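Q: Need the 3D shape of this:
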Amino acid sequence: MPDADILPWTQGTWTTAPAAIDSADDRLAVTAVEGSDAWRHTAYGFVHDTEHALLAPLRVGEAVEVSFRAPWTGQFDQAGVFVRTDDQHWVKAGVEYADGHLGLGAVVTAIRSDWSVGHVDDWLDSEITVRVSRWTDAVIVRARADDGPWRLVRVAPFDGEATASAGPFLAAPTRAGLTVTFTRWARTDADGALH
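A: Residues are numbered from 1 along each chain as shown. Coordinates of the predicted model:
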């Protein structure tokens with residue numbers, strides 16, 4: 001991967017204020033508000049736009065990487081990278097704890113949300129890094145646990161003409177007290193190829 005510019009935690013703007021924030025030693029510990037989530041319509045019928053996402057501009061040709069750890073115990077606890085153009089067009093990519101399993105996946109929303117996910121239970125105690133590259137017509141999502149190999153998660157259509165922002169996010173749809181410790185937020189060149 002290309003050299004990265006580390007972004008300070010003060011660089012971004014929150015979509016929804018979290019319950020608590022504590023920054024120390026280049027880490028950012030963020031506690032989610034109970035009931036926070038991001039989803040639009042599909043299958044569940046509801047709209048939630050209360051995720052905690054710390055966003056800064058993401059241009060075509062750039063990538064954002066976010067690393068984090070959390071105690072994954074609550075149903076639908078989630079964290080990763082959020083990419084947003086407006087409240088009806090966004091992507092959240094990362095991990096989500098559901099039905100007793102840690103899932104790696106992405107939700108791509110264009111008016112309505114979808115969800116692709118696969119189990120990564122062996123990542124439960126790892127530092128997880130999610131990387132989203134922005135191309136002219138797509139976002140490319142990759143992730144890894146600790147220093148392991150990058151895994152392709154999703155190739156999703158994304159409007160290259162739209163103004164977008166991206167950064168770390170978390171949400172806790174079903175409980176209070178989820179605290180995610182973000183250890184790194186960086187911007188770099190987008191991936192040049194899928195393979």
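
Q: low-scoring stretches of this protein, by residue?
A: 1-2 (pLDDT under 70).

Q: which residues sit in contact with the residue sitting nearest the centre point of it?
A: The structure's the chain has its C-alpha centroid closest to Val81; by Cα atoms, centre = their mean the separation is 2.0 Å. By Cβ atoms under 8 Å, 6 or more residues apart in numbering, the contact set of Val81 is 64-66, 92-94, 130-132, 141, 166-169. The C-beta positions use only the backbone N, C-alpha and C, and glycine is treated the same way.

Q: Kindly report the same for Arg154.
A: Per Cβ under 8 Å, 6+ apart, neighbours of Arg154: 93, 105-106, 108, 116, 139-141.

Q: Let's see which of the residues you listed end up in strands.
A: Among these, the members falling in strands (DSSP state E) are 93, 105-106, 108, 116, 139-141.

Q: which of these count as buried?
A: Burial by neighbour count, 16 or more other Cβ atoms under 10 Å: within the ones in strands among the contacts of Arg154 this picks out 93, 105-106, 108, 139-141.

Q: any chance of these in a markdown table, plus distance to Glu34?
A: Shown next, in a markdown table, are those (distance: Cβ to Cβ, whole Å):
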| residue | distance to Glu34 |
| --- | --- |
| Ala93 | 23 |
| Gly105 | 23 |
| Ala106 | 24 |
| Val108 | 26 |
| Val139 | 29 |
| Ile140 | 33 |
| Val141 | 27 |
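
Q: Now do the buried residues in stretch 180-191.
A: By 16+ other Cβ under 10 Å, the buried positions in stretch 180-191 come out as 180-188, 190-191.

Q: try stretch 119-132
A: For stretch 119-132, using 16+ other Cβ under 10 Å, the buried residues are 120, 123-124, 126, 128-132.

Q: what does stretch 134-144 give?
A: Quick answer for stretch 134-144 (16+ other Cβ under 10 Å): 134-135, 138-144.

Q: Which one of these is nearest to Ala70?
A: Nearest to Ala70, judged by Cβ to Cβ, of those is Ala143 at 14.3 Å.

Q: ok, now how distant is the closest one from Leu102?
A: Ala143 sits 12 Å away from Leu102, taking Cβ to Cβ, to the nearest Å as the criterion.

Q: No more questions from me, cheers.
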